[in-house]
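Enquirer: Sequence and predicted structure, then a few things I'm wondering about:
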Amino acid sequence: MQFKSLWQACLLGGGLLSAAAPASAQSTSKYPTPAGPPRKKYMFAQKDPECPVVANITKNTDEDADVTGSYTRVCYRSPAEMLAEIDELRRIHTWADSTYQRRLAALPPGGALLLTIHRQGAKNADPASLTLVARTKDGAEVYTATPKPGTGRFFGRDLYQAQQAVPFVKPAVPGPYLLSITDNKLRQVFEYQLTMP
């Protein structure tokens with residue numbers, strides 16, 4: 001008799017848990033955290049030597065990330081840097097004035113985030129599988145972007161590289177900002193700290 005009541009209690013408890021599971025499985029977040037393996041983090045954010053505005057929080061650009069095909073690098077380029085590059089290209093290539101004006105018109109006023117990813121396989125090197133979200137210290141979302149679709153170029157071994165400049169709209173709220181890049185194919189989140197001038 002006790003065995004039967006214990007069995008009924010287990011079935012009832014299991015039924016309640018399975019009924020509650022779908023409700024708890026749904027995320028309330030607009031951009032849920034992927035269920036892939038978590039990224040290793042630095043004890044302190046590591047400044048990028050080529051881009052002083054960006055600091056890595058998760059280990060995104062080390063040798064292990066390159067071997068596993070999860071290398072993800074971000075660099076902020078200010079409008080002044082991009083204008084200097086356009087002027088230099090105009091001088092080198094002797095562009096017509098219409099080409100120069102077209103490049104000036106395409107210049108994003110808030111600068112751009114230059115994304116560089118190395119992935120295993122050409123299909124995985126599509127920048128459109130990334131979602132960029134910048135938040136303040138308080139967690140308020142101030143910037144969201146999805147890069148344009150593209151394909152990677154062969155980079156060596158079995159890696160493919162994709163690079164894209166994503167226009168950045170400088171938030172009105174003062175920084176620093178936490179930039180999270182979610183890779184839907186790797187199911188991982190890469191984190192950076194942006195300290196805008």
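Expert: Arrived safely. The model shown is predicted, which means the values in this text are computed figures rather than measured ones.

Enquirer: what stretches of the protein score poorly on pLDDT?
Expert: Counting by pLDDT under 70, the ranges of the chain that qualify are 1-37.

Enquirer: can you give me the helices in it?
Expert: For the chain, the helices defined by DSSP state H occupy 2-25, 63-68, 79-93, 97-105.

Enquirer: Pull out the buried positions in the third one.
Expert: What it means is helix 79-93. 82, 86, 90 (16 or more other C-beta atoms under 10 Å). For the C-beta atoms, the positions are set from N, CA and C on the backbone; glycine is no exception.

Enquirer: do stretch 167-180 as well
Expert: So for stretch 167-180, counting by 16+ other C-beta under 10 Å, buried means 168, 170, 171, 175, 177, 178, 179, 180.

Enquirer: do stretch 44-62 as well
Expert: Across stretch 44-62, burial judged by 16+ other C-beta under 10 Å covers 45-46, 48, 51, 53-61.

Enquirer: same deal with stretch 134-142?
Expert: For stretch 134-142, burial by neighbour count (16+ other C-beta under 10 Å) applies to 134, 135, 142.

Enquirer: Pick out whichever of the buried residues of stretch 44-62 sits closest to residue 70.
Expert: Distance to residue 70, by C-beta to C-beta, is smallest for residue 60 among the buried residues of stretch 44-62, at 7.4 Å.

Enquirer: Compute the distance between that closest one and residue 86, please.
Expert: From residue 60 across to residue 86, the span is 29 Å (C-beta to C-beta, to the nearest Å).

Enquirer: The nearest residue to residue 69 once chain neighbours are set aside and residue 128, how far apart?
Expert: Leaving aside its sequence neighbours, residue 69 sits nearest to residue 120 (C-beta to C-beta, 6 or more residues apart in numbering; 3.5 Å). Look at residue 120 and residue 128: by C-beta to C-beta, they are 17 Å apart.

Enquirer: more crowded one of these two?
Expert: Between residue 120 and residue 128, counting by other C-beta atoms under 10 Å, residue 120 is the more crowded of the two (17 against 13).

Enquirer: how close does that one get to residue 157?
Expert: Going from residue 120 to residue 157 by C-beta to C-beta gives 9 Å.
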